[in-house]
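>>> Below: sequence and its predicted model.
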Amino acid sequence: MLSDPVYGWTAATYLSTFIAFLVVSLPELVAWVLYLLGESFWFAWWANNIGFWFSVVGMGLPVIASMLQLGLPYTQGGLDGNTTVEFGANIMFLMSFGIPMWFQSAAMHLVYATRLKCFSEANPSKRSETDVLAECDLNRDDFELDS
């Protein structure tokens, strides 16, 4: 429970990790699949707006919560810098993987999100079936089934 004086920072770390990755990674995965299918608008929009802010700011919240747990005194629910007590190894694990993931995600969005937006605007999606089929070199009659 988040208000628990002993387990609160661990709960905050896990909850914020879950929410941050749910908001950033899952929608970007779905938008990336749509991008592969020729619909680049959603991927570019998400990566430049919600994904950008949640990767730069939101993915830092689990790291900050784990650092607070490690550094705060026992009276405030922290470990007082002692990693040999209960949750010490857990919080070191969360920090050692949280910091690189935060850095990687933030760097990826900072470097590539604007480029993705420019690419998406320069190569608009083919939204109608007629436009998509007009560019198709295959003879459609060869693949249609006779009913």
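Yes, it's here.

>>> For L26, the count of nearby residues, please.
Using other Cβ atoms under 10 Å, the number of residues around L26 comes to 10. (Each C-beta comes from the backbone N, C-alpha and C, glycine too.)

>>> could you say which helix or strand contains it?
Using DSSP states H and E, L26 sits in helix 8-36.

>>> ok now whichever helix or strand comes after that helix, how far from the chain's centre?
For helix 8-36, the following helix or strand on the C-terminal side (DSSP H and E) is helix 41-48. With Cα atoms, centre = their mean, to the nearest Å as the basis, helix 41-48 stands 13 Å off its chain's centre.

>>> Buried ones in helix 41-48, by neighbour count?
In terms of neighbour count (16 or more other Cβ atoms under 10 Å), helix 41-48 has its buried residues at 41-44, 46-48.

>>> Go through these and name the one nearest A106.
A47 (12.3 Å; Cβ to Cβ).

>>> can you pull the contacts of the closest one?
Going by Cβ atoms under 8 Å, 6 or more residues apart in numbering, A47 touches 28, 31, 109, 112-113, 116-117.

>>> likewise I50?
Neighbours of I50 in contact, by Cβ under 8 Å, 6+ apart: 23-24, 27.

>>> got a pLDDT number for it?
Note for I50: predicted pLDDT of 94.

>>> got it, and G78?
Here the pLDDT value assigned to G78 is 87.
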